[in-house]
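Novice: Sequence and predicted structure below; questions after.
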Amino acid sequence: MIELRAATVWTPSGQPILSPTSERFVPKEKIGILAAPGSGKTTLARIFAGLQPPQQGRVIRSTIRDTILGQENLLHPHMALHAALTDAATLLGLPHQCAIERALRFAGKGLNPTQKVSSLSPVQKSALSFALSLQRPGQWLIADDRLVPSDPGLAASAESAVRLRLKTAGLIYISKNATQLQRYCDRFFVLAATNLIPVPDLKLGPALFRTEAEGATHDTA
């Protein structure tokens, strides 16, 4: 269970992301949140995952924390690959050898454990981070903008792995892509004008974003 109680979120510079919001997500729910670029998706994902608290209000969770799926900052760019994978596995509470082998197997051939993370391609870093974070046990998968790696060679196996986890785990997926949200989720919200607005489907999203834009225009007029 993840419950927001008058949770309020803003950026370090004071830009509001979420007005005081109370909402409850129960285990195994598949929650899709449509949010525009630059609206604070990454910060919200961290709040939902328990990685940071809201500035005001509370987030009550039945588990201490969950992992944001595929977060690329899991791998330190200046470390050798094997050392970075070991550190990431430790951070996630995973058995090192098994977790690293699975991640390397998923990412494909041609990776040298001694090469630096900075030498990897974006696709390779994304694949390794996805494979590690998906292994972390928990009640929820949290996804910020992208649920599975975009590389066509990895998409099918990644989706299969996610679908398997979603048989027992809930999902909070925050994205600007309504089509992807509808593919995986069955309860929907739109983040517009710092409000988390429940909607029966995401067809209302564009209208809510237009209303938000018109409000901003009026405020500056």
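Specialist: Everything's here; your move. Because the structure is predicted, anything quoted here is derived from the model rather than measured.
Novice: just for the chain, where's the confidence low?
Specialist: 71-72, 209-221 (pLDDT under 70).
Novice: and stretch 148-159, how far out from the chain's middle?
Specialist: Mean C-alpha position of stretch 148-159 versus that of the full chain (C-alpha atoms, centre = their mean, to the nearest Å) differs by 16 Å.
Novice: Tell me which stretches of the chain form helices.
Specialist: Taking DSSP state H as the test, the helices found in the chain are 41-49, 81-92, 96-107, 122-135, 152-165, 178-184, 205-220.
Novice: Check those helices for me and report the most buried one.
Specialist: Among those, helix 122-135 has the highest mean neighbour count (mean count of other C-beta atoms under 10 Å), at a mean of 22. Just so you know, the C-beta spots here come from the backbone N, C-alpha and C atoms, and that holds for glycine as well.
Novice: report the angle between the axes of it and helix 81-92?
Specialist: Between helix 122-135 and helix 81-92, the angle comes out at 30 degrees (axes from the mean of the first three to the mean of the last three C-alpha atoms, to 10 degrees).
Novice: Who are the packing partners of helix 122-135?
Specialist: Helix 122-135 is packed against helix 81-92, helix 96-107, helix 152-165, with contacts defined by 3 or more C-beta pairs under 8 Å, 6 or more residues apart in numbering; DSSP states H and E.
Novice: Can you name the residues bridging to the most centrally placed residue in the chain?
Specialist: The centre of the chain sits closest to A143, judged by C-alpha atoms, centre = their mean, with a distance of 2.2 Å. Note on A143: beta-bridge partners Y173, judged by DSSP bridges.
Novice: Tell me if I'm right that it and D66 touch.
Specialist: No. Between A143 and D66 there is no contact under C-beta atoms under 8 Å: 10.7 Å.
Novice: Could you name every residue contacting both of these two?
Specialist: When C-beta atoms under 8 Å, 6 or more residues apart in numbering defines a contact, no residue borders A143 and D66 alike.
Novice: what's the distance between the residue nearest to T86 when sequence neighbours are not counted and A169?
Specialist: For T86, ignoring the flanking residues on the chain, the nearest one in space by C-beta to C-beta, 6 or more residues apart in numbering is H96 at 5.4 Å. H96 is 23 Å from A169, where distance means C-beta to C-beta, to the nearest Å.
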